[in-house]
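Peer 1: Fold the following and give me the result.
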Amino acid sequence: MITVEYCRTMARYNAWQNRSMTDVMRSLKKAELTKDRGAFFGSIFATANHLLWGDQLWMSRFDGGIGPSVAPKDHLKLHDTLDAYLSDRMRTDARITRWAQGLTQVSLIGPLTWYSGVLEREVSKTKGLCIAGFFNHQTHHRGQIHAMLTAAGHRPGDTDLFIMPDGD
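Peer 2: Residues are numbered from 1 along each chain as shown. Presented below is the predicted three-dimensional model:
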C-alpha cells in the first residue's frame, strides 16, 4: 500500500507545513488563536492541539514511545500557551522524521494492534492503512487551520506537495 519513500516524503511535508502554519500562529494574539471560528474543534489553537495530540498518539503506536501527556477528553487543551505548543510541535515533528528515516519496507508490513479509546475495544489494521491514515489526518486538520487563518486575514504558505523544498 505504501513505501518507505512515501513515509519519508510525508514526514518532510508534515514538518514543512507545520513550520509554515506555526510561523503565522506566532503573529496572532492569544484571543485570535483561541477565538471560536465555527470549525469542528472551534479555534485555530484547539485544532492545532488536537492535531498534535493525534500525532503523538499515533507515534506511540508506531514507535512504542510515549504518547500524549493528557487524556483523550483533554486533547483540545494539550497546551495552554503557544510557546509550549510550539516546542512540543517541533519535538514531535523531529520524532516523526526520525521514525520515518528508520523505516524499512519490511517494517511497513503486517498488522498494528492497539486499544482504541474511541471504539472502546482492541483494533487491528494493516500498518500501511494506519500510516496513510496518520498522514491524511495531519493534512485534513492543517487544511482546517489554513482555512481559519486565511479567513482571519492571514496568508499561510503554499500547501502543494510539489512546491516543498527538496532539502527540507
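Peer 1: Now do the SS call for the nearest residue to residue 124 once chain neighbours are set aside.
Peer 2: Nearest non-adjacent residue to residue 124, counting by C-beta to C-beta, 6 or more residues apart in numbering: residue 113, 4.2 Å away. C-beta: built from backbone N, CA, C; applies to glycine. At residue 113 the chain is in strand, as set by DSSP: H, G, I helix; E, B strand; the rest coil.
Peer 1: The chain should start at 58 in everything you say after this.
Peer 2: Shifting the count to begin at 58 puts that one at residue 170.
Peer 1: Where does pLDDT dip in the chain?
Peer 2: Filtered on pLDDT under 70, the chain yields the residue ranges 224-225.
Peer 1: Buried ones in the longest helix along the chain, by neighbour count?
Peer 2: Longest helix of the chain, by residue count under DSSP state H: helix 184-208. Using 16 or more other C-beta atoms under 10 Å as the test for burial, helix 184-208 gives 184-185, 187-189, 191-192, 195, 198-199, 201-203, 205-206.
Peer 1: go on, stretch 132-148?
Peer 2: 132-133, 135-136, 139, 142-143, 145-146.
Peer 1: between these, which is closest to residue 96?
Peer 2: Using C-beta to C-beta, the shortest approach to residue 96 within the buried residues of stretch 132-148 belongs to residue 133, at 11.4 Å.
Peer 1: With adjacent residues omitted, what lies nearest to the closest one?
Peer 2: Going by C-beta to C-beta, 6+ apart, residue 133 has residue 103 as its nearest residue, at 4.3 Å.
Peer 1: Wait, the one you found touches residue 94, no?
Peer 2: No. Judged on C-beta atoms under 8 Å, residue 103 makes no contact with residue 94 at a distance of 9.6 Å.
Peer 1: which residues touch the residue nearest to residue 181?
Peer 2: Residue 170 makes contact with 179-181, according to C-beta atoms under 8 Å, 6 or more residues apart in numbering.
Peer 1: By neighbours, which of those residues wins?
Peer 2: When neighbours are taken as other C-beta atoms under 10 Å, the top entry among these is residue 180 (13 neighbours).
Peer 1: How about that residue, nearest residue that isn't a chain neighbour?
Peer 2: Looking at residue 180 with C-beta to C-beta, 6+ apart, the closest residue is residue 173, at 4.7 Å.
Peer 1: Looking at strand pairing, list the partners for that neighbour.
Peer 2: Beta bridges link residue 173 to residue 178, judged by DSSP bridges.
Peer 1: can you pull out the helices in this protein?
Peer 2: Using DSSP H, helices in the chain cover 61-83, 87-91, 101-120, 139-158, 184-208.
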